[in-house]
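1. how would this look folded up:
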Amino acid sequence: MAFAFITKKMKKNKILAFISTTIFAVFLFLTFVKNANAVIIDQVIAVVNKTPITLYEFAKFDRGAFEEYEQMQNEASRGIFTQSDSAVMSKTKEVLNVLINNVLIKQEEEKAAIFITPKQLKAYIGGVALANNFTVTQFFKFLAKRGISKKAYIKQVKNHFAEVELLRKVYGNKMVITKRQLIDYYKKNVEEFRGEPKVDLKLIFLAVPSNASQKLRKEIYKRIYKIREEAISGSKSFSELAREYSEDPSEKNGGRIGYVYKNKLSPNFSDIAFKLHVGQISPVIKTKFGYAILKSAGKKTGSFKTFKQVKPEIFTILEKHRTNKYLKKILKKARKNSYVKILIAV
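-> Take a look at the predicted model:
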């Protein structure tokens with residue numbers, strides 16, 4: 001195992017010596033954990049200047065990657081090597097580099113004396129909640145339902161703020177996003193801000209029992225094929241045929257489903273529905289539950305959102321792009337001027 005657990009209360013400044021051996025043996029580092037008064041003796045896997053990065057931190061950051069890495073180590077210790085080893089090592093290196101970069105950024109923030117006040121955090125979170133028509137309390141409940149804790153979100157916002165402040169301190173006016181830049185982005189990328197197209201559909205559906213024989217399936221298919229021919233010939237309207245034959249609740253409305261967006265339909269329906277011309281009837285569509293035919297009764301292309309509507313979204317896009325660009329520059333310089341040592345084979 002990667003960790004050795006000792007469930008004794010330890011005095012605050014007492015140092016525990018313990019030897020742990022793995023296939024990639026390295027020196028040990030003590031990480032104290034309050035939970036259950038346990039001490040985790042953990043393997044140091046990298047050092048950034050004087051800051052260690054431990055296997056525990058790796059596991060906490062990406063549990064899946066850690067478990068794959070640990071499994072690979074256990075198998076390698078028994079002389080088992082698989083084709084997936086290279087992929088696991090590649091993922092391990094990727095995660096490790098992210099952890100190293102995080103430490104380097106924190107160290108640069110400390111050098112620049114970056115400090116985010118509780119007032120700044122409160123104002124930002126209040127603004128985000130308001131923009132989404134929530135109170136702050138409602139906003140955190142909304143996040144909790146999606147598996148994001150209040151503590152985790154505040155930490156994320158604080159880290160983001162600190163990065164932005166660091167970049168502003170280092171690059172000054174280069175980090176300022178002007179109204180002109182926002183407008184230019186909107187004009188060049190206006191198609192990004194078009195609403196989704198939708199189609200007005202009518203449906204005729206015949207169900208096929210799950211235990212239907214091949215003979216019955218063929219009979220139902222012949223029935224709907226004949227219905228389709230009637231609809232195309234115009235001997236009866238699609239709506240009349242839907243009321244007479246369709247086994248979908250929409251039959252009461254002459255098969256009318258109404259306007260739908262592409263992502264609201266199953267793939268085999270949406271691929272056909274959005275290619276139909278207005279008034280056109282689809283081929284017979286085989287579904288999990290039976291057979292269907294569609295008729296396009298209308299189309300609406302998405303309307304463009306105004307600059308005012310998408311201004312916050314554009315600001316976020318440009319800020320993210322600029323932040324990534326200049327963070328890379330800071331990290332490149334920091335790596336060059338720092339002692340970075342990886343202590344496992346990757």
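2. for the rest of this, base every contact and every neighbour count on C-alpha atoms.
-> Will do.
3. show me how the chain divides into domains.
-> According to automatic domain parsing, the chain is divided into the following domains: 4-103, 118-191+306-340, 198-300.
4. give the residue farthest from the middle of this protein.
-> Centroid-distance maximum for the chain: residue 235 at 50.8 Å, with CA atoms, centre = their mean.
5. pLDDT wise, what is that residue at?
-> According to the prediction, residue 235 has pLDDT 89.
6. same deal with the one 10 residues further on?
-> Per-residue confidence at residue 245 stands at 94 (pLDDT).
7. hey, where'd the strands end up in this protein?
-> Ranges of strands within the chain are 4-6, 28-32, 39-48, 51-54, 198-207, 256-261, 285-286, 290-300, 340-342, based on DSSP state E.
8. can you tell which of those is closest to residue 172?
-> The closest of these to residue 172 is strand 39-48. By CA to CA, the value is 27.0 Å.
9. what's that closest one packed up against?
-> strand 4-6, strand 28-32, strand 51-54, helix 55-61, helix 85-111, strand 340-342 (3 or more CA pairs under 8 Å, 6 or more residues apart in numbering; DSSP states H and E).
10. what's the closest of these to residue 265?
-> With CA to CA, the closest approach to residue 265 among the helices and strands packed on strand 39-48 belongs to helix 85-111: 35.6 Å.
11. orientation of the closest one relative to strand 39-48 in degrees?
-> 80 degrees (axes from the mean of the first three to the mean of the last three CA atoms, to 10 degrees).
12. state the distance from the residue nearest the centre of the chain to residue 140.
-> The residue lying closest to the centre of the chain (CA atoms, centre = their mean) is residue 146, at 11.9 Å. According to CA to CA, to the nearest Å, residue 146 and residue 140 sit 10 Å apart.
13. likewise for residue 257?
-> As defined by CA to CA, residue 257 lies at a distance of 37 Å from residue 140.
14. likewise residue 237?
-> 52 Å.
15. what do you get for residue 244?
-> Applying CA to CA to residue 244 and residue 140 gives a distance of 51 Å.
16. the more surrounded of those two?
-> More crowded of residue 244 and residue 140, by other CA atoms under 10 Å: residue 140, with 19 against 14.
17. residues contacting residue 140?
-> 149-150 (CA atoms under 8 Å, 6 or more residues apart in numbering).
18. is it true that residue 254 touches residue 245?
-> No - the criterion here is CA atoms under 8 Å, and residue 254 misses it with residue 245 at 10.2 Å.
19. more neighbours: which of those two?
-> residue 254 (20 against 16).
20. list the contacts for the closest residue in space to the more buried one that isn't next to it in sequence?
-> Nearest residue to residue 254 in three dimensions, chain neighbours excluded: residue 239, at 4.0 Å (CA to CA, 6 or more residues apart in numbering). Neighbouring residues of residue 239 by CA under 8 Å, 6+ apart: 202, 251, 253-256.
21. please apply the same query to residue 177.
-> With contact set as CA under 8 Å, 6+ apart, residue 177 has these partners: 315, 318-319.
22. and the gap between it and residue 321?
-> In terms of CA to CA, residue 177 sits 11 Å off from residue 321.
23. residues in contact with residue 121?
-> 154, 157-158.
24. in PyMOL, select just the buried ones from those residues.
-> Remark: buried members of the contacts of residue 121, expressed as a PyMOL selection using 16 or more other CA atoms under 10 Å:
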select buried, resi 158
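25. any chance of the contacts of residue 121 in a markdown table, plus distance to residue 192 and pLDDT?
-> Shown next, in a markdown table, are the contacts of residue 121 (distance: CA to CA, whole Å; pLDDT from 0 to 100):
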| residue | distance to residue 192 | pLDDT |
| --- | --- | --- |
| 154 | 30 | 92 |
| 157 | 26 | 90 |
| 158 | 30 | 91 |
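26. for the contacts of residue 121, give me JSON lines that also has distance to residue 231.
-> Converted to JSON lines, the contacts of residue 121 look like this (distance: CA to CA, whole Å):
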{"residue": "154", "distance to residue 231": "59"}
{"residue": "157", "distance to residue 231": "58"}
{"residue": "158", "distance to residue 231": "62"}
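27. ok so, going back, so what's the residue farthest from the centre of the chain up against?
-> Residues near residue 235 by CA under 8 Å, 6+ apart: none.
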